[in-house]
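Q: Got a sequence here, can you model it:
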Amino acid sequence: MATAIFPGSFDPIHNGHLEVIERACKIFDKLFVAVLRNPQKAEPVFQIDERTEMVKDCVCHLGNVEVVAMSVLVVDLARSLRADVIVRGLRAVSDFESELQMAQMNNHLSGIETLFVPTGSAHSFISSRLIREIARFGGDVSGFVPSIVAKRFEVKFNAQT
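A: Numbers count the residues shown, from 1 in each chain. Alright, predicted model coming up:
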């Protein structure tokens with residue numbers, strides 16, 4: 001049974017992430033979506049428990065996907081879940097350099113391979129950072145995120161005004 005892990009901060013999960021998840025779950029028998037707190041990124045809009053809940057809500061229609069929260073190295077979580085592969089999404093060529101470096105480091109540390117799944121052109125320009133910026137300034141993010149996530153943004157930012 002082939003098992004994979006798709007790690008990310010998912011702040012928020014967006015349609016590009018969902019495309020990668022839906023494609024990867026067709027390749028693997030089991031796919032773990034691992035929600036992490038990335039200390040290299042700015043303070044998140046949603047806390048890890050909120051992000052984990054949103055991801056669960058967005059993937060509940062996929063029978064072979066399980067969502068976990070993580071605060072360890074991806075390779076350590078992959079080992080504990082007995083994952084064979086780390087899945088990473090690529091939007092553009094600019095993503096490839098840093099993703100390749102991370103894949104090579106992960107392989108060196110653990111022997112675990114990384115599979116790059118490119119998003120389609122309909123989602124290649126979407127990033128969580130841009131979505132957060134649009135939402136903070138009152139813009140409509142509903143075309144970039146699942147409706148569950150768009151509603152969470154409305155609640156969060158309407159409560160702050």
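
Q: Which residue ranges of this protein form helices?
A: 15-27, 48-59, 74-80, 93-110, 128-136, 147-159 (DSSP state H).

Q: Just put those helices in TSV and tack on distance to residue 6, mean neighbour count and mean pLDDT.
A: All C-beta atoms are positioned from the backbone trio N, CA, C, and that covers glycine. What follows is the helices of the chain, written out as TSV (distance: least, CB to CB, whole Å; neighbours: other CB atoms under 10 Å; pLDDT from 0 to 100):
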stretch	distance to residue 6	mean neighbour count	mean pLDDT
helix 15-27	6	19	97
helix 48-59	10	20	97
helix 74-80	10	18	95
helix 93-110	13	13	93
helix 128-136	14	17	93
helix 147-159	17	15	89
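
Q: any residues touching stretch 69-76, and which ones?
A: 5, 7, 34-37, 48-49, 52, 77, 86, 106, 109-110, 112 (CB atoms under 8 Å, 6 or more residues apart in numbering).

Q: same question, stretch 149-159
A: 12-14, 45-46, 50, 54, 58, 135-136, 138, 141-142, 145.

Q: Let me have the residues you listed in TSV, extended by distance to residue 158.
A: What follows is the contacts of stretch 149-159, written out as TSV (distance: CB to CB, whole Å):
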residue	distance to residue 158
12	16
13	20
14	20
45	14
46	15
50	16
54	17
58	21
135	11
136	12
138	9
141	13
142	14
145	16
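
Q: what two of those residues are the furthest from one another?
A: Pairwise distances across the contacts of stretch 149-159 peak at 23.3 Å for 58 and 138 (criterion: CB to CB).

Q: Now tabulate the helices of the chain in TSV and tack on distance to residue 68.
A: Listed next are the helices of the chain as TSV, based on distance: least, CB to CB, whole Å:
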stretch	distance to residue 68
helix 15-27	13
helix 48-59	8
helix 74-80	7
helix 93-110	17
helix 128-136	19
helix 147-159	19
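
Q: what's the closest of those to residue 66?
A: Per CB to CB, nearest to residue 66 of those: helix 48-59, 8.7 Å.
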